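# Could you look at this predicted model? Sequence included:
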Amino acid sequence: MTFSPQILLNEPDVHKECYFHLNRQEMVPFVPMSARFVLDVGCGAGGFGQQLKTERGITVWGVESNRAAAALARERLDYVAADEFSPSVDLQGQQFDCIIFNDVLEHMYDPWTALAFAKEHLTEAGVVVASIPNMKLFRIMWDLLIHDEWTYTKSGVLDVTHIRFFTKKEIVRLFNGSGYLIDQIVGINSERQGRKFHVLNTLFRSRVSVMRYLQFAVVARPAAKEEAENEK
């Protein structure tokens, strides 16, 4: 079994696909300041890792299954494996202080196994940092419930290449079920909402406030054996 975020039969043109060039500045603060050796899974053209290197002077490796994007990333990062994130990837036995999945896990058939595999390459105090789309986004739910629409798009929450879909609660289950404890989970990239959302949020006493966020940012660490038992 492989855990590649790349599921298209033909690789997209890296020069035309904006995903490969997103810098994801909003995710930088979630990477621990103590991290000196970082792995960016699905690193695209290496923009995010390059930011980390520039701002913090750290070592950043990448894994990217799109070979054209991996070639660009090699010009920015310290090492890039043009491969899927699976046991076959050549990480040279390295351990990382932080492994990053920026909008990657939802592209995988088996994100649980990918997270379990990541644990094998974390240092003792290492963490996983991830950004995951919020399926409970208000406009997605409104279109589904009111207009009976569930239309895939080239990007966004309903990206045609997404295989898995998560709410905040399901993200927690994903990480807990993969042997992690979540240190932080917060909504990011809030969409501007109209009157319908504010009326609904008022009626439900702010309980639907998470429906404004495009994604959730997660920081999680492997659970110790006794902690994992307590989570069951």
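Ah, there it is. The structure displayed is predicted, hence computed values, not measured ones.
# Show me where this structure has its strands.
Using DSSP state E, the strands of the chain run over 37-41, 59-63, 79-81, 96-102, 122-133, 180-190, 213-222.
# Can I get the ones you listed in JSON lines including mean neighbour count?
Using the backbone N, CA and C atoms, a C-beta is placed for each residue, glycine as well. Below are the strands of the chain laid out as JSON lines (neighbours: other CB atoms under 10 Å):
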{"stretch": "strand 37-41", "mean neighbour count": "26"}
{"stretch": "strand 59-63", "mean neighbour count": "25"}
{"stretch": "strand 79-81", "mean neighbour count": "21"}
{"stretch": "strand 96-102", "mean neighbour count": "25"}
{"stretch": "strand 122-133", "mean neighbour count": "21"}
{"stretch": "strand 180-190", "mean neighbour count": "15"}
{"stretch": "strand 213-222", "mean neighbour count": "21"}
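# I'd like those strands as JSON lines, with distance to Q51 appended.
Compiled in JSON lines, these are given as follows (distance: least, CB to CB, whole Å):
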{"stretch": "strand 37-41", "distance to Q51": "10"}
{"stretch": "strand 59-63", "distance to Q51": "9"}
{"stretch": "strand 79-81", "distance to Q51": "16"}
{"stretch": "strand 96-102", "distance to Q51": "11"}
{"stretch": "strand 122-133", "distance to Q51": "13"}
{"stretch": "strand 180-190", "distance to Q51": "16"}
{"stretch": "strand 213-222", "distance to Q51": "15"}
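# These: which one's closest to V160?
Evaluated with CB to CB, the strands of the chain place strand 122-133 nearest to V160, the distance being 13.0 Å.
# Show me what the closest one is packed up against.
strand 96-102, strand 180-190, strand 213-222 (3 or more CB pairs under 8 Å, 6 or more residues apart in numbering; DSSP states H and E).
# Kindly reformat those strands as JSON lines containing distance to M141 and mean pLDDT.
JSON lines is the format used below for these (distance: least, CB to CB, whole Å; pLDDT from 0 to 100):
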{"stretch": "strand 96-102", "distance to M141": "24", "mean pLDDT": "98"}
{"stretch": "strand 180-190", "distance to M141": "15", "mean pLDDT": "93"}
{"stretch": "strand 213-222", "distance to M141": "13", "mean pLDDT": "94"}
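# Is it possible to get JSON lines of those strands that adds distance to M108?
Shown next, in JSON lines, are these (distance: least, CB to CB, whole Å):
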{"stretch": "strand 96-102", "distance to M108": "9"}
{"stretch": "strand 180-190", "distance to M108": "16"}
{"stretch": "strand 213-222", "distance to M108": "15"}
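# Out of the ones you listed, the one nearest E84 is which?
Among the helices and strands packed on strand 122-133, the nearest to E84 by CB to CB is strand 96-102 (13.3 Å).
# Sheet-wise, list the partners of the closest one with their directions.
Strand 96-102 sits in its sheet next to strand 37-41 (parallel), strand 122-133 (parallel), going by DSSP bridges.
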